[in-house]
Structure formats: C-alpha cells, structure tokens
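Engineer: build me a model:
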Amino acid sequence: MPTSDSRRLDVCEVRGLFPGLEGRAFLDTACVSLAPRPAVDAVGEFLSMASACDERDASLHHVAMDRLRARAVEEGARLLGASAEEIALVESTTHGLNIAAQAIPFRPSDNVVIADLEFLQVAIPWVKLQERGAIAEVRTARNVDGALAVEAFAEVVDADTAAVVVSSVQWVNGYRVDLEALGKLCRECGALLVVDAIQELGALNLDVREAEIDLLVAGGHKWLNSPFGCGLLYVNRRATSRLEQASWGYLGLAEPEGGWPHYFATPSTTPVRAYDFPDGAKSFEINGTANYPGAVALGASLALVNAIGIDQVEARVLGLARAVHDELDRLGVRLVSRSEEGARSGITTFEVSDDLAENEAFLERLLDERIYVSLRYTSGVGGIRVSTHYFNDESDLDALFGAVGRFARQRLVGVARNR
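Structural biologist: Numbering: from 1, shown residues only. This next block holds a predicted model:
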C-alpha cells in the first residue's frame, strides 16, 4: 500500500482492500467496521516480529516495537491537522472520556453539559462525578426534531460550566454538530470543549484547530476501520495547562540520555527521585506496556485514509449518504436524519413504521438478506441506521433499496386487500 507520502489512492479503487465486503452489503460502520488488508497485514507482521527477537537484545527489540507504535500518532496528527505532541493513544473512546473526566480539575460548584441524543458512555463519567459530589450537575442540551443547534447548548451553559461534552456526529441519527460555533460558545463562557469523534473521524474532515477543540477522542473500531482496541486522544496544547495528569507511567518521561537500554544498565540509577513529565498529550496515556498490535493496526488504517485524502473520503461518504437519503425519501419511508447539508454525515436513519415491532421485523429481514444495518434509539429519536463509508459502492445501496422497495410494495398490496 502507498505510504502517506505516495500519490493519492482513488477512493473508488480501495474496495478490494476490504475482503469482508464479499457476499454482503455492509452498511454498519457506525456499529463496528471492517479492517482493511493493510491493517491486518501490519498486525501479522508485528506478531511475526514479536515471535522472534531479531534485534541484538530484547531491550532494542522493545525500542523497535515502540517505533512501530508511533506511526499511529504521526498519522493521527496528520489526519486531525494537529502536532504529534498533541496526540496520545488510548484503548477506546470510553478510555479517552474517562481520562478527560479525571484530568479536568473540577470544583464542586461546576456543571457539565451534554446533549440528550448522546450514546450512554458520553454521559457516564460525568454522571458518576456528580454522584460523588465532584461536580454539582450534569445539564442537558435538548434536541429539536433530531437537531442540536448551538442555541440548545447556549440555553444551559453558564459561568459554572466547566466542560461541554458532545459527539461531533450523533450516533442515532447522524446529526453533525457545528463544532466551530460550539467552540466559540465554549471560549465565551470559559468551558472546555470535549468531543467524542468516533462517528466522524475517518469519514469526514475534522480540523481541530478550526473548531478550537480542547480534547477529542475517537476509538479506532468504527470509521477508522481498525477494530483492535486502540484509538486517538487529542489534547490541545493550549488546554494542557488547565488539565491535571492522572496517571504516571515511565514511558511518558522524556527519554534519558543514551536511551532506556543505557539507563537500565547504569548502576547509579535509583527509583526514588523526582520525576518530571513533559507537557503534551502523551502524559495522559497510561505509559506502560500498551496494546502494540492495536496501535500498529490503527497506524496502517490511518495511513490508508491519509493516502486517499480525507477530502476525497468525505466527498464519497456524503455522496453515498445523500443517495441513500434521496432514494429512501422517494420510496416513502420516514426519514429520521435531518436533510440540511451542514448537518449530514455518513449515517442515515429511517423508519418503515411508527410501530417498533415492525421496524424490528424489517431489520431482521435486512439481516437475513445479508444487508448489515442496525436499529438504534435514544430520547425517542432513532430507527434503522444505515452507515455509508468510503469502501461502499452503488451495489450496496441497490441491495438496500431493493429490500425497502419490496417492503413498500408488499405494504401497498396489504392496504389494498384490507379495503
């Protein structure tokens, strides 16, 4: 596969890198994605390396593994428009959100604002902080017909809002939040902007500088196509001074003169001494022996996105999503996802009925036909969720449209018979 410095790949030519697409219409990246061959191959090569120490000694073997892990940081920084010093590797979105909850120095009078459409994990750390008395309140910005405008957040933030925590794309209906407007609101009230980008990163262009995001986290197993327990945490260098390190591991220290192998072989070293950790996102990692295979896979998947180019990826994702939206509208099902261009993402949600049981039954019909989608609801919003990623093509959409069309025709026949 070309490296990040090679010529760009054509987004329409990468489908063959995803063998898991064979024999199915996989439209469920928002649940968990498929790994491309480069990521699978990278893990295989790493495991081969792990099975045979080809370096002069085991210490250098460990150092070589660290270098491989670092690729995910470099590629993640490139994708986000950040510096490598602002990127850390985490196990998952859950891990990253908990780091944020532990790193922000809350006062008991503080509140945290989230939206009412959020996935439960976005709420859990802050709810638990409230239960412990670490913060006063978790406030809710309420959606209007599935939309989350900045005004919904403005209604509930105040001088005691320490953080606004939001998914950049909502998991149930794909609503894409205006992060630039929300970032401006947070600057005005002095709150930190914490973003769960797992439903956006790898599919849409997200520039952390333009949006003035303080912390961002995204697990790798959805739109980044790396389901191996590793994701990205971005910490804006401007926000670092406002955060408190909550975990201390030796790999977060500046590398000693001569490197770690030399340090370990120096008789005068002592464990009880002052330890100064450099500022930067890496200080928020656990900084012990980590999920190296996961990081290697994530690095390869990120490199693939960067080789294609996120602008090309976004155009493909949104183009397919628009085709889904328009054809489902023509077929007469109820669209749950908003139609405004600025609010669109790779997720399109619809319902075939007001009856939950009918939606459940139709989901089972789709799965029987090997059309992979999900059924998702929260706060009364949701339905059958379709995810269109850059590896999808028109054949996947045709399978979905055919199934929906057959359902619509059968319903019309049923209505006619009952007259």
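Engineer: who's in contact with the least confident helix or strand in the chain by mean pLDDT?
Structural biologist: Of all helical and strand segments in the chain, the minimum by mean pLDDT, DSSP states H and E falls on helix 394-417, at a mean of 84. Helix 394-417 is touched from outside by 25-27, 320, 323-324, 327-328, 331-333, 352, 362, 365-366, 369, 371, 373, 386, 388, with contacts defined as C-beta atoms under 8 Å, 6 or more residues apart in numbering. (C-beta placed from N, C-alpha, C; glycine too.)
Engineer: mind giving me the domain ranges of the protein?
Structural biologist: 14-34+310-417, 58-306 (automatic domain parsing).
Engineer: let me know which of the ones you listed is tucked in deepest.
Structural biologist: Across the domains of the chain, averaging neighbours per residue (mean count of other C-beta atoms under 10 Å) puts domain 58-306 on top, at a mean of 19.
Engineer: mind checking the end-to-end distance for it?
Structural biologist: This stretch, domain 58-306, spans 33 Å end to end (C-alpha to C-alpha, to the nearest Å).
Engineer: one more: stretch 89-107?
Structural biologist: Terminal residues of stretch 89-107 lie 28 Å apart, using C-alpha to C-alpha.
Engineer: average pLDDT for that stretch?
Structural biologist: For stretch 89-107, mean pLDDT rounds to 97.
Engineer: same question, stretch 200-213
Structural biologist: In this model, stretch 200-213 has a mean pLDDT of 94.
Engineer: ends of it, how far apart?
Structural biologist: 14 Å.
Engineer: equivalent analysis for stretch 373-390, please.
Structural biologist: 16 Å.
Engineer: can you give me the helices in the protein?
Structural biologist: 37-51, 58-80, 93-103, 120-131, 150-154, 179-189, 208-211, 260-264, 292-308, 310-331, 356-368, 394-417 (DSSP state H).
Engineer: pull the number of nearby residues for S51.
Structural biologist: Neighbour count for S51, taken as other C-beta atoms under 10 Å: 7.
Engineer: just the pLDDT at it, thanks.
Structural biologist: pLDDT, S51: 91.
Engineer: go on, D393?
Structural biologist: 96.
Engineer: where in this structure is pLDDT low?
Structural biologist: Residues of the chain meeting the criterion pLDDT under 70: 1-7, 412-419.
Engineer: which residue is nearest the middle of it?
Structural biologist: Centroid-nearest residue in the chain, with C-alpha atoms, centre = their mean: I198, separated by 1.5 Å.
Engineer: ok, back up a step: got the helices of the chain as JSON lines, with distance to F18 columns?
Structural biologist: Listed next are the helices of the chain as JSON lines, based on distance: least, C-beta to C-beta, whole Å:
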{"stretch": "helix 37-51", "distance to F18": "8"}
{"stretch": "helix 58-80", "distance to F18": "18"}
{"stretch": "helix 93-103", "distance to F18": "22"}
{"stretch": "helix 120-131", "distance to F18": "27"}
{"stretch": "helix 150-154", "distance to F18": "36"}
{"stretch": "helix 179-189", "distance to F18": "29"}
{"stretch": "helix 208-211", "distance to F18": "28"}
{"stretch": "helix 260-264", "distance to F18": "38"}
{"stretch": "helix 292-308", "distance to F18": "10"}
{"stretch": "helix 310-331", "distance to F18": "14"}
{"stretch": "helix 356-368", "distance to F18": "19"}
{"stretch": "helix 394-417", "distance to F18": "11"}
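Engineer: out of the ones you listed, which gets nearest to S247?
Structural biologist: helix 93-103 (7.9 Å; C-beta to C-beta).
Engineer: now that closest one against helix 120-131, angle please.
Structural biologist: 30 degrees (axes from the mean of the first three to the mean of the last three C-alpha atoms, to 10 degrees).
Engineer: what packs against helix 93-103?
Structural biologist: If you count contacts as 3 or more C-beta pairs under 8 Å, 6 or more residues apart in numbering; DSSP states H and E, helix 93-103 packs onto helix 120-131, strand 161-167, strand 192-196, strand 215-219, strand 231-235.
Engineer: can you give me the angle the longest one makes with strand 192-196?
Structural biologist: What that stands for is helix 120-131. Angle, helix 120-131 to strand 192-196, by the same axes, to 10 degrees: 140 degrees.
Engineer: pull the CA atoms of helix 120-131 into PDB?
Structural biologist: Output of helix 120-131 as PDB, limited to C-alpha atoms (Å, rounded to 0.1, in the frame of the first residue of the first chain):
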ATOM      1  CA  LEU A 120     -24.700   6.500  27.200                       C
ATOM      2  CA  GLN A 121     -20.900   6.400  27.600                       C
ATOM      3  CA  VAL A 122     -20.700  10.100  26.800                       C
ATOM      4  CA  ALA A 123     -22.800  10.700  29.900                       C
ATOM      5  CA  ILE A 124     -21.500   8.000  32.400                       C
ATOM      6  CA  PRO A 125     -18.200   9.600  33.600                       C
ATOM      7  CA  TRP A 126     -19.900  13.000  34.300                       C
ATOM      8  CA  VAL A 127     -22.900  11.400  36.000                       C
ATOM      9  CA  LYS A 128     -20.600   9.400  38.300                       C
ATOM     10  CA  LEU A 129     -18.700  12.600  39.100                       C
ATOM     11  CA  GLN A 130     -22.000  14.200  40.100                       C
ATOM     12  CA  GLU A 131     -22.900  11.300  42.300                       C
END
